[in-house]
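Trainee: The following block contains a protein sequence and its predicted model.
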Amino acid sequence: METSRFRDRDHAGAQLAARLATMQLADPVVLALPRGGIPVALPIAAALHAPLDLLLVRKIGVPSQPELAAAAVVDGAHPEIVLNRPVMAMIGLNDDEIDELAQPELWELERRRKVYLKGREPLPVEGRTAIVVDDGIATGTTVRAALAALRRRRPARLVLAVPVAPAETIDALRPLVDDVVCPVMPSDFYAISPFYEEFHQLSDAEVTRMLEPFSEPLPP
């Protein structure tokens, strides 16, 4: 039985996996947003017999206001920069300046892939069913950038799977994907953590241990 509160991220992933298993998803690849999306994605990958990869995203903040996103950079075989044109226009940033601000974030993406997946190259998604997984969504800013960049990699079908998110956030993201699986969409939403009984901050060591089976290069 589905619930409005999950025991932990593994329990949330099992509920998503049960739904996704009924959808006849051809040639799936599961893409988790670290860190919290990884334990949610593990039971999904197992249930669908699908490979697991990370979808690494870094916000590119305005220099004077780092929390204000002028763009985001998303990992991939060819990393993608997703621009926030209204913010760029408001601050007066051009494309060349964004490219310069993106460089440290690209280095951080590379560092995280080396730490988490021992430098394994991103999995190809062209022509496949790409399933993007996180442990929940609040505003959707990061996920929006991730989905926009992933769409450019030309998956045949793009699915967003999250345990919990505000209904209005899901409505805003729905046009960016082919399918959404989100069992809990509260109208009264303040944060993700109240929807979990156990919701600790994952360490790099925990993430690395979870991803150990996926860190080796895949056979050709």
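Mentor: Everything's here; your move.
Trainee: Show me what the helix or strand where G61 lies pairs with in its sheet, parallel or antiparallel.
Mentor: Counting by DSSP states H and E, the element that carries G61 is strand 57-62. Here strand 57-62 is paired, per DSSP bridges, with strand 65-74 (antiparallel).
Trainee: Check what contacts the strand it pairs with and list those residues.
Mentor: 55-62, 79-84, 87-88, 91, 93, 98, 101-102, 105-106, 109, 141-142, 145-146, 148-150 (CB atoms under 8 Å, 6 or more residues apart in numbering). (C-beta placed from N, C-alpha, C; glycine too.)
Trainee: now these: which count as buried?
Mentor: Buried by 16 or more other CB atoms under 10 Å: 55-62, 79-84, 87-88, 93, 98, 101-102, 105-106, 109, 142, 145-146, 149-150, out of the contacts of strand 65-74.
Trainee: Those in helices, which ones?
Mentor: 87-88, 98, 101-102, 105-106, 109, 142, 145-146, 149-150 (DSSP state H).
Trainee: Among these, which has the minimum pLDDT value?
Mentor: Least confident by pLDDT among those: that is T142, with 81.
Trainee: and the gap between the closest residue to L52 other than its chain neighbours and R144?
Mentor: Leaving out its chain neighbours, the residue that sits closest to L52 by CB to CB, 6 or more residues apart in numbering is A45, at 4.3 Å. Separation of A45 from R144 (CB to CB, to the nearest Å): 23 Å.
Trainee: Tell me which of these two has more neighbours.
Mentor: A45 (23 against 19; other CB atoms under 10 Å).
Trainee: returning to what we had before: pLDDT at the residue nearest to L52, what is it?
Mentor: 96.
Trainee: tell me the secondary structure for it?
Mentor: helix (DSSP: H, G, I helix; E, B strand; the rest coil).
Trainee: And it, how far from P86?
Mentor: 36 Å.
Trainee: what do you get for P166?
Mentor: According to CB to CB, P166 stands 22 Å off from P86.
Trainee: Residues in a beta bridge with the residue nearest to L101 when sequence neighbours are not counted, which ones?
Mentor: Of all residues not flanking L101 in the chain, I60 sits nearest, at 5.1 Å (CB to CB, 6+ apart). Beta-bridge partners recorded for I60 (DSSP bridges): A71.
Trainee: how about the residue sitting nearest the centre point of the chain, what does it touch?
Mentor: Ranked by distance to the mean C-alpha position of the chain (CA atoms, centre = their mean), the top residue is L33 at 3.3 Å. By CB under 8 Å, 6+ apart, L33 lies in contact with 54-55, 57, 132-134, 142-143, 146.
Trainee: Report pLDDT for it.
Mentor: So L33 comes in at 93 (pLDDT).
Trainee: now do M1
Mentor: Per-residue pLDDT puts M1 at 39.
Trainee: try P220
Mentor: At P220, pLDDT is 50.
Trainee: secondary structure element for R153?
Mentor: Per DSSP H and E: nothing holds R153, as it lies in no helix or strand.
Trainee: Please renumber the chain so that the first residue is 29 from this point on.
Mentor: Noted, 29 is the first residue going forward, which turns the last one into R181.
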